[in-house]
Every structure is written in structure tokens, then in C-alpha cells.
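**Q** I'll drop the sequence and a predicted model, then ask my questions.
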Amino acid sequence: MRQRIGGYAVDMVIFAAVSMVVTVIAGLQLLLVTRGATQDSSKSVYAFLAIVGMGIPLSWSALNLGLLATRGQTGGQYVAGVRLLREDGRRVSARDAAAWWFCLNPVLFSWPSAVTTALPLAFVSSLVLSRLGIVAFGVVLTLCLAAPLLAIVSALLDRQNRALHDRIVGVVVVPAE
């Protein structure tokens, strides 16, 4: 359990780095489009928020799906010395990796991602979709708050320390060789 928590902490540091890179790219886009002007830049600000709101989860997911499909571990799991295997002992496939990643995974649905993803998306979508944007924000925020708690509680209650998303997908976290 200690290795999983350590891996999660490292993943959150990597998440912060990915978030900063995407935010800098979005800021450069904002600066280039407005040419440093302060007037008539409201549409550019919306583009900035949309790039941040969509760019962070897309780039974060692409990075981890690539690592999971090829190595069977996220960056944090690599540092912590653990990896994913299927229950039958075989390596995880790309399909298993995607299912594990999107199935209430606290590395994707985390408290930091609630701030960096849900808030910019909620602002942009509320301008366009009003009620639907607020509902989407509520769903994402609820997932981001509930997923880490569900993972911790389910791992503590399981003899093998398997979190809920591990059991749903049929994978186990084992020491890396």
C-alpha cells in the first residue's frame, strides 16, 4: 500500500509538470493572438481556458495511456517500483490499460485535476451552454472528489490492497521486476 501511495504522489508531481507545460503553451497562444494587447482579448481568454481545460486532461491521459500500454505502469508506479498485471498474470493490453485509466482512476480523477480541468471548462461551457455546463462541471467535480476516496477505502478493505478500479477491470498491482 505504501508503494501505491508513493506512486500516486509522484504521479501528482508529474501531473503538475504536464499542467504547467500546457498552461505555458496556452499562454503563448494568448500572447501571440492578442500581440500583447489588452483590448478585445475576451475571445482569446476563452480560447486560453479551453486549451487549458482540454489540453491538460488530454495530454495527461495520452502520456499515461502510452506508458500503461507499453510498460504496464504510470510514471509514478515506475518510480515506486510497481506495475499492473492482469489477474491471470499476463501483461495488461492497451484495452485493459484504457479501461483501468478511465474507470474511476484517482490518478485521472484527482483533486488537482478538479482545479486545473473542471474550473476552466466550467467557465467556458457556462458561457455557451449555461445549465449543461454547470451540470458537466458538477459531474467532473464529483468524480474528482469521490474517486480518490473510493480508491483508498476500497484498497484498505481489500486483503490484496486492490482499489475499486483495479477490481472492476481485473488487474492487480505487483512489484516490478
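**A** That came through, no problem. Since we're looking at a predicted model, the values are computed, not measured.

**Q** got the contact list for the residue nearest to the spatial centre of the chain?
**A** Nearest to the geometric centre of the chain sits residue 108, at 2.5 Å (CA atoms, centre = their mean). By CB atoms under 8 Å, 6 or more residues apart in numbering, the contact list for residue 108 reads 57, 60, 61, 64, 101, 102, 147. Where you see a C-beta, it was placed from the backbone N, CA and C, and this is true even at glycine.

**Q** now the strands for the protein?
**A** 82-86, 171-175 (DSSP state E).

**Q** With mean neighbour count, mean pLDDT and distance to residue 94 added, can I get these in a markdown table?
**A** Formatted as a markdown table, these follow (neighbours: other CB atoms under 10 Å; pLDDT from 0 to 100; distance: least, CB to CB, whole Å):
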| stretch | mean neighbour count | mean pLDDT | distance to residue 94 |
| --- | --- | --- | --- |
| strand 82-86 | 19 | 95 | 12 |
| strand 171-175 | 17 | 93 | 13 |
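
**Q** how about TSV for these, with distance to residue 52 added?
**A** Below are the strands of the chain laid out as TSV (distance: least, CB to CB, whole Å):
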stretch	distance to residue 52
strand 82-86	29
strand 171-175	31
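
**Q** out of those, nearest to residue 120?
**A** Distance to residue 120, taken as CB to CB, is lowest for strand 82-86 among those, at 30.5 Å.

**Q** Which other helices and strands does that closest one contact?
**A** Under the contact definition 3 or more CB pairs under 8 Å, 6 or more residues apart in numbering; DSSP states H and E, strand 82-86 sits against helix 2-34, helix 94-102, strand 171-175.

**Q** can you rerun that using 10 Å?
**A** In terms of contacts (3 or more CB pairs under 10 Å, 6 or more residues apart in numbering; DSSP states H and E), strand 82-86 is packed against helix 2-34, helix 42-71, helix 75-80, helix 94-102, helix 164-169, strand 171-175.

**Q** Which residues does the fourth one contact?
**A** I take that to be helix 94-102. With contact meaning CB atoms under 10 Å, 6 or more residues apart in numbering, helix 94-102 is reached by 60-61, 64-74, 84-86, 90-93, 105, 107-109, 163, 165-166, 168-171.

**Q** Same question for the third one.
**A** Where contact means CB under 10 Å, 6+ apart, the residues beyond helix 75-80 that reach it are 2-15, 17-18, 63-64, 67-68, 71-74, 82-84, 107, 173, 175-176.

**Q** Of the residues you listed, select the buried ones using a ChimeraX command.
**A** Buried subset of the contacts of helix 75-80, written as a ChimeraX selection, criterion 16 or more other CB atoms under 10 Å:
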select :3,4,6,7,8,10,11,12,14,15,18,64,67,68,71,72,73,74,82,83,84,107,173
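
**Q** so where's the chain shaky on pLDDT?
**A** 36-41, 117-119, 121-130, 133 (pLDDT under 70).
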